[in-house]
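# Next input, structure requested:
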Amino acid sequence: MERGPTPLHDASAPGPWFLRDPRLARAYFGLQAVAGALWWVAVFTSDAVRHATLGALNPVLIFGLDLPLFVLASGAAAAGWRPGAAVSALWTTLVTIGMVAYATATGLAGWGAVLMLAAAIGSIGAALVLWLGRVPSELLLRGPLAGRTDISRTPGARLRRTAAQTSVFWVVFLCVIPLVIAWLESRWGLAGEFGAVWRSAGAVLFGAAGALSVWSAVSLATIGRGTPLPSAATTALVIRGPYRTVRNPMALGSIAQGVAVGMMLSSWLVVIYAIAGAIVWDWLVRPHEERELTERFGDAYRAYQRRVRCWIPQPPRV
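Next comes the predicted model:
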């Protein structure tokens, strides 16, 4: 039976409670207003802060716009005025784009670009909660990522599709994007050196995590008769192989691979990118996936949830 779209204010929508709590969203904007005000005090009293976050930009000119559109608008949103949230989120997004472009072009104000990226993500998320009642995470699973069972008729076809999906994921998310992030980190003057031991440990971790990811993908293709992507999901519940010890071994392996790539590249921003990807998957994607699995497999999946942990591997029960 098909399920219609979930109302935006539906408290039963999948996902953590704090992604639909307007009180927490208002509290975020309150903290952002205070942090913004304190940052401006630091900008006008510390040359080091001003140079690290604004580079050679004129702070007086930016202050004239940022005070009403960021600090005061965030404060108004904290007080319950929803248009303030929209103004703050839009301004923060525009400033983030500008700071990223400025830092990349000049090599200055790298910390300003990083801080504004974090502020933009927080502002957009909090504004969505205030305006829509929750973060509409189901939008991430539309189009090519919409949930559909696999229609491949042979194990070979499923394995080929799985190999293609895994290869694309590795190239895009474990190669191209991390290399771009590492280059930006260096360009922005934020790069550090992890040392040979950490880089070697990253290589070992990447190999082990990659093996776990491949094992998980093959299990989905052979036991589950599907692929890792929700657009060609399994038709059988997979509780064997690595799924005996942890419910999300493929996600766990992918996250560990991302952290390992950051270690090998000596890039703390790539490590944060991998951790952020884990948070997005856990908060925004996994709840929909588990609801779908519960609808398709019923009590069998509920029993599996009770028996096997989501993230922490455990010895398989006999």
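
# what's Gly226 sitting at in phi/psi?
Phi and psi for Gly226, reported as degrees, to the nearest 10, are phi -160, psi -160.

# Mind pulling up the pLDDT for the residue lying closest to it once chain neighbours are set aside?
Among residues not flanking Gly226 along the chain, Thr234 sits closest, at 3.2 Å (C-beta to C-beta, 6 or more residues apart in numbering). Quick note: C-beta positions are derived from backbone N, CA and C, even for glycine. With respect to pLDDT, Thr234 scores 83.

# Touching, Thr234 and Thr222? I think so.
No. Between Thr234 and Thr222 there is no contact under C-beta atoms under 8 Å: 10.2 Å.

# In terms of packing, which of the two has more residues around it?
Under the criterion of other C-beta atoms under 10 Å, the comparison of Thr234 against Thr222 puts Thr234 first, with 22 against 16.

# From Val271, how far out is the more buried one?
In this view, Thr234 and Val271 are 31 Å apart by C-beta to C-beta, to the nearest Å.

# just Gly107 next, same as before
According to C-beta to C-beta, Gly107 and Val271 sit 22 Å apart.

# higher neighbour count, those two?
Higher neighbour count among Gly107 and Val271: Val271, with 21 against 13, using other C-beta under 10 Å.

# Just give the closest residue to the more buried one, not the sequence neighbours.
In this structure, Val271 finds its nearest non-sequential neighbour in Gly262, 3.6 Å apart by C-beta to C-beta, 6+ apart.

# Find me the pLDDT at that neighbour, would you?
With respect to pLDDT, Gly262 scores 97.

# That one against Ala276, yeah?
No. Using C-beta under 8 Å, Gly262 makes no contact with Ala276, being 11.4 Å away.

# These two: who's more crowded?
Using other C-beta under 10 Å, the more surrounded residue of Gly262 and Ala276 is Gly262, with 25 against 13.

# For the more buried one, identify the helix or strand it belongs to.
In the assignment (DSSP states H and E), Gly262 maps to helix 249-264.

# Next SSE downstream of that helix?
Remark: after helix 249-264, the chain's next helix or strand is helix 268-280, criterion DSSP H and E.

# List the buried residues in that following helix.
Of the residues in helix 268-280, 268-274, 277-278 count as buried by neighbour count, 16 or more other C-beta atoms under 10 Å.

# Mind putting those residues into a markdown table with distance to Thr96 and pLDDT?
Supplementary listing: those in a markdown table, determined by distance: C-beta to C-beta, whole Å; pLDDT from 0 to 100:
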| residue | distance to Thr96 | pLDDT |
| --- | --- | --- |
| Trp268 | 19 | 97 |
| Leu269 | 15 | 97 |
| Val270 | 19 | 98 |
| Val271 | 21 | 98 |
| Ile272 | 16 | 97 |
| Tyr273 | 16 | 97 |
| Ala274 | 21 | 97 |
| Gly277 | 19 | 94 |
| Ala278 | 22 | 95 |
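
# From those, pick the one nearest Pro136.
Gly277 (19.1 Å; C-beta to C-beta).

# what separates that closest one from Thr154, distance-wise?
Counting by C-beta to C-beta, the gap from Gly277 to Thr154 is 32 Å.

# go on, Asp47?
In terms of C-beta to C-beta, Asp47 sits 67 Å off from Thr154.
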